[in-house]
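**Student:** quick one, what's the 3D model for this:
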Amino acid sequence: MTTTSTTTPDTAGSAGHLTVEFCGEWHRLDPDGPPFEVGRDGDLEIDDNPYLHRRFLVFSHESGIWWMTNVGTRLSATVSDAAGGVQSWVSPGNRLPLVFPSTSVVFTAGPTTYELRLVLEGGPYRDVRAEAPDCGTMTIGAVPFTVSQRQLIVALAEPLLRRDGTSLAEIPASAAAAERLGWTTTRFNRKLDNVCDKLDRIGVRGLRGGPGTLATNRRARLVEYAVASRLVTADDLPLLDLRDVEEA
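**Tutor:** The predicted structure is shown next:
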């Protein structure tokens, strides 16, 4: 029996204190307190990094909800829940309500990537584990993959599977992913063609640019689909260590 994760509202009450953690430094924010700023000159001074805004993220409590606002002008932040089931990008001038008990915030400024951990007391949403039945008819659209095909998908998705909130920009190039698996680039690209063809046939868009023409961003689209649909998860990372897989 397998389980899947989803989220549902928790009506127990409004959100309480919000705790922001960065590199072992914890800040506990009171709902009745002033807004909390993150940046080079913020309440949480991240780093003396000239690529980072002096004021980048602001956490504030309004009408029973905690909000994260991007007050920068160039940088975006990637926000995801602890389970990796929900992911959002917060661009400059936009804000996002914080609703999960544990949230990861990742952003990159110049050559450096930073990660904040947010812990929310009384978060209005919670994970629900739904059990799948042991028997029954298979959902139309499910497609089987060989071990080596799954290895390929995991190799491309590895950065996102190892750390919640990682941007699609961190996806490795084909040559790097092939080296990770101990494959030649030619073998990797051939299997990538096969994986994209399988998903294209069941209606996954963005893996082909048109009849007979492969999409230039197919690796990013493949990873986006695989992670969002839980085609691969962190539990599949050991596949990266398999070598000389024999398949019929």
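
**Student:** look up phi and psi at H53.
**Tutor:** phi -60, psi 150 (degrees, to the nearest 10).

**Student:** now that it has come up, it's in contact with D41, right?
**Tutor:** No. H53 is beyond contact range of D41, at 9.0 Å (criterion: Cβ atoms under 8 Å). C-betas here are computed from N, CA, C, even on glycine.

**Student:** more crowded one of the two?
**Tutor:** Shown here are H53 and D41; by other Cβ atoms under 10 Å, H53 has more neighbours (22 against 12).

**Student:** who's in contact with that one?
**Tutor:** By Cβ atoms under 8 Å, 6 or more residues apart in numbering, the residues touching H53 are 39-40, 71-75, 109.

**Student:** now do L222
**Tutor:** Counting by Cβ under 8 Å, 6+ apart, L222 has contacts 153, 156, 192, 195-196, 199, 207.

**Student:** got it, and D48?
**Tutor:** So D48 contacts R40 (Cβ under 8 Å, 6+ apart).

**Student:** model confidence score at it, please.
**Tutor:** Looking at D48, its pLDDT stands at 82.

**Student:** where does the protein have low pLDDT?
**Tutor:** 1-15, 83-85, 124-142, 165, 209-216, 245-248 (pLDDT under 70).

**Student:** please name the nearest non-neighbouring residue to F107.
**Tutor:** Nearest residue to F107 in three dimensions, chain neighbours excluded: A77, at 4.3 Å (Cβ to Cβ, 6 or more residues apart in numbering).

**Student:** re earlier: which of the contacts of L222 lies closest to D235?
**Tutor:** Of all those, D235 sits closest to I153, with 13.2 Å by Cβ to Cβ.

**Student:** pretty sure F145 is one of the things that closest one touches, is it not?
**Tutor:** Yes. At 7.4 Å, I153 and F145 qualify as touching, with contact defined as Cβ under 8 Å.

**Student:** who touches both of those two?
**Tutor:** In contact with both I153 and F145: V195, using Cβ under 8 Å, 6+ apart.

**Student:** which one of these two is surrounded by more residues?
**Tutor:** Neighbour count, other Cβ under 10 Å: between I153 and F145, I153 has more, with 25 against 18.

**Student:** state the helix or strand in which the more buried one lies.
**Tutor:** Assigned by DSSP states H and E, I153 belongs to helix 147-162.

**Student:** quick check: buried residues in the helix or strand just after that helix?
**Tutor:** Sequence order places helix 174-181 as the next helix or strand after helix 147-162, per DSSP H and E. For helix 174-181, a neighbour-count test (16 or more other Cβ atoms under 10 Å) marks 174, 177-178, 180-181 as buried.

**Student:** quick one: these as CSV, columns for distance to S88 too.
**Tutor:** Output for the buried residues of helix 174-181, formatted as CSV (distance: Cβ to Cβ, whole Å):
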residue, distance to S88
S174, 28
A177, 26
A178, 31
R180, 28
L181, 31
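
**Student:** kindly indicate which of those lies nearest Y225.
**Tutor:** A177 (16.4 Å).

**Student:** the closest one contacts V154, doesn't it?
**Tutor:** No. With contacts counted by Cβ under 8 Å, A177 stays clear of V154, the gap being 9.4 Å.

**Student:** not counting stretch 178-195 itself, show me its contacts.
**Tutor:** Applying Cβ under 8 Å, 6+ apart, the contact partners of stretch 178-195 are 145, 148-149, 151-153, 155, 158, 172, 174-175, 177, 214, 218-219, 222, 240, 243.

**Student:** if we go to 7 Å?
**Tutor:** 145, 148-149, 151-153, 155, 174-175, 177, 222, 240, 243 (Cβ atoms under 7 Å, 6 or more residues apart in numbering).
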